[in-house]
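K.L.:
mind folding the following:
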Amino acid sequence: MNSRMRLLQLFKTEAVDDSKEFLLSSGARSNYYIDAKQVTLSQEGARLIGELILNAIENIDVEAIGGPEIGAIPIVDAVLYLAKERGRDLSGFYVKKNPKDHGKRQWLEGPLRVGVRVAIVDDVVTSGHSILRAIHTVEQEADCEVAIVIVLVDRMEGAKENLTKAGYIVQSIFTCEDFGLCERGSMLAERA
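P.N.:
Prediction:
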């Protein structure tokens, strides 16, 4: 079984919950929830994710990889670990939802150098607003250029369209179609 198919199997057995209605961070209600941390924080899941994302950026000139907390953090760690094994020099970072009111009070954490090309990653996207906020922070705070956005799961509820419209190249490892969930999907019109 190839890495993508094994990762899909892990997501289906460990991360997908369709037992009730859920409120998403976008404000939408959905008949299913994908708890990606059940996979991104597992040993096998981290290895597979690191491999797939590192393969996706293999021919893309980026010096750093990062994304919004909390979803991007285990993804970044997995990619960095495997990149070191493969001899690829990458640094990692993450974007805070809010800076702390003490210490450096910064939005970005990690050894991100100003002006470099970066890959932005996240676990699950719905509308794309959270990842767009993270991208704008990276561009404004560190003057970085976003070369690509890679998400583990696109719920196919506007994120790719919103990111593409904003001028970003977007790639997803999976979509809700891979789980057979799109047709049952989210009820976006119904806001919390």
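
K.L.:
in this structure residue 158 contacts residue 126, no?
P.N.:
Yes: assessed by C-beta atoms under 8 Å, residue 158 is found in contact with residue 126 at 7.2 Å. For glycine as for every other residue, the C-beta is placed from the backbone atoms N, C-alpha and C.

K.L.:
looking at these two, which is more packed in?
P.N.:
residue 126 (24 against 18; other C-beta atoms under 10 Å).

K.L.:
most centrally placed residue in the protein?
P.N.:
By C-alpha atoms, centre = their mean, the chain has its centre lying nearest to residue 122, at 0.9 Å.

K.L.:
distance of that one from residue 91?
P.N.:
Remark: distance between residue 122 and residue 91 (C-beta to C-beta, to the nearest Å) = 18 Å.

K.L.:
do the same with residue 45
P.N.:
23 Å.

K.L.:
between those two, which has more neighbouring residues?
P.N.:
Neighbours per residue, other C-beta under 10 Å: of residue 45 and residue 91, the larger number sits with residue 45, 24 against 18.

K.L.:
contacts only, for that one.
P.N.:
7, 10, 14, 38-39 (C-beta atoms under 8 Å, 6 or more residues apart in numbering).

K.L.:
inside strands: which ones of the residues you listed?
P.N.:
Among these, DSSP state E puts none in strands.

K.L.:
out of those residues, which is most surrounded?
P.N.:
residue 39 (26 neighbours).

K.L.:
give me the nearest residue to it, chain neighbours excluded.
P.N.:
Counting by C-beta to C-beta, 6 or more residues apart in numbering, residue 39 lies nearest to residue 45, which is 3.7 Å off, once chain neighbours are set aside.

K.L.:
how about residue 97?
P.N.:
If the residues on either side of it in the chain are set aside, residue 97 comes closest to residue 69, at 6.1 Å by C-beta to C-beta, 6+ apart.
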